[in-house]
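K.L.:
quick one: sequence plus predicted model below, questions after.
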Amino acid sequence: MAGNMYETILYSVDERIARITLNRPDARNALSDQMIGELLDAFERAGTDTGVRVIVLTGAGDRAFCAGADLGGLGRAQADGRSIADAGAVRDSSAYRLFTAFPGLGKPIIARLAGHAVAGGLGLAAACDLVIAADDVKLATPEVNVGLWPMMIMAIINRNVAPKHAFKLYYTGARVTAAEGRDIGLVTEVVPRAELDARVDELARVIASKSPVGLRRGRDAFFAIEGRPLEDQVAHLLSELVELTGTEDAKEGITAFLENRPPDFQGR
């Protein structure tokens, strides 16, 4: 997977923005083990590339952002007698590694939804920091319709959605509109389809203009304090603020403000 030689995703960098595209449109961009492996590789590339300040994740075509996991592959795994739990390798599974990778990316990640996001695809979108969706996109957790439950993505969705709304998604499997997804916390913004690319690009450029150090340390702190007692949260954040204030970017930002000019952040 050296360079841009991916088979199931596309990867490009322009204007400090890394764009990662799920590229299996004929399969509604369903997640295969190969795609997950390539996604993890692309995330690492973007995370370690000093020329990248923002990541945009999207799906090829306008039919689906991502339709979730390949149920056929799941069925084959069961038929072959392979079980992640039986093997005692839950933390080595591709799904585990994918959905736990987002907090450690170190850079803001925007989901661009030009197509429907269902099952694991909805979890993938919800794991992103921001979600911008076309107004005709639908969202769903349909696992209950085939006797399953959105086990892996429930951990992600529960961080974004209040319990009453979450249970309705899980129990019914019904599709909701992008606007309804925004109202319950799954989507950041809903825009007319014709304006989707312009809005995503605008937002990505705005974020890319900020201090990479401030973005990284602030994002890391956001995840670090999750679930901790208030006293621990405040102590951690005060410590982070002291360290962040001493960075070159913070000094440049303050100086630029006083001199009434745009800051020139260098990521240090």
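P.N.:
That came in fine, so what should we check first?
K.L.:
so where do the helices sit in this protein?
P.N.:
33-48, 71-79, 84-87, 94-99, 120-126, 151-157, 163-172, 178-184, 196-208, 212-224, 230-245, 248-258 (DSSP state H).
K.L.:
nearest to G267, of these?
P.N.:
Smallest distance to G267 across the helices of the chain (C-beta to C-beta): 3.8 Å, for helix 212-224. The C-beta positions use only the backbone N, C-alpha and C, and glycine is treated the same way.
K.L.:
just the C-alphas of that closest one, formatted as PDB.
P.N.:
Provided in PDB are the C-alpha atoms of helix 212-224 (Å, rounded to 0.1, in the frame of the first residue of the first chain):
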ATOM      1  CA  PRO A 212      -1.800  22.500  14.100                       C
ATOM      2  CA  VAL A 213      -0.500  22.300  17.600                       C
ATOM      3  CA  GLY A 214      -3.600  23.900  19.100                       C
ATOM      4  CA  LEU A 215      -5.800  21.600  17.100                       C
ATOM      5  CA  ARG A 216      -3.900  18.500  18.000                       C
ATOM      6  CA  ARG A 217      -3.500  19.200  21.700                       C
ATOM      7  CA  GLY A 218      -7.100  20.500  22.100                       C
ATOM      8  CA  ARG A 219      -8.500  17.500  20.300                       C
ATOM      9  CA  ASP A 220      -6.400  15.100  22.300                       C
ATOM     10  CA  ALA A 221      -7.500  16.800  25.500                       C
ATOM     11  CA  PHE A 222     -11.200  16.500  24.400                       C
ATOM     12  CA  PHE A 223     -10.800  12.700  24.300                       C
ATOM     13  CA  ALA A 224      -8.500  12.400  27.300                       C
END
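K.L.:
what residues does it touch?
P.N.:
50, 53, 103, 106-108, 129, 207, 236-237, 240, 243-244, 247-250, 253, 265, 267-268 (C-beta atoms under 8 Å, 6 or more residues apart in numbering).
K.L.:
in it, what's buried?
P.N.:
Under the neighbour-count criterion of 16 or more other C-beta atoms under 10 Å, helix 212-224 has 212-219, 221, 224 buried.
K.L.:
ok, the residue nearest to T50 when sequence neighbours are not counted - contacts?
P.N.:
In space, and not counting its chain neighbours, T50 is closest to G267: 6.3 Å by C-beta to C-beta, 6 or more residues apart in numbering. Contacts for G267 (C-beta under 8 Å, 6+ apart) come out as 50, 211-213, 249.
K.L.:
any weak-confidence spans in the protein?
P.N.:
For the chain, the stretches with pLDDT under 70 are 1-4, 71-89.
K.L.:
mind checking which residue lies nearest the centre of it?
P.N.:
The centroid of the chain falls nearest to C128 when counting by C-alpha atoms, centre = their mean (2.2 Å).
K.L.:
tabulate the contacts of G267 (TSV), appending distance to N29.
P.N.:
Shown next, in TSV, are the contacts of G267 (distance: C-beta to C-beta, whole Å):
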residue	distance to N29
T50	29
S211	33
P212	29
V213	34
D249	36
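K.L.:
buried sites along stretch 158-165?
P.N.:
Neighbour-count burial for stretch 158-165 flags 160-161, 165 (criterion: 16+ other C-beta under 10 Å).
K.L.:
what sits up against that stretch?
P.N.:
Residues from elsewhere that reach stretch 158-165, judged by C-beta under 8 Å, 6+ apart: 126, 166, 169, 184-186.
K.L.:
I'd like the distance between T247 and G173.
P.N.:
47 Å (C-beta to C-beta, to the nearest Å).
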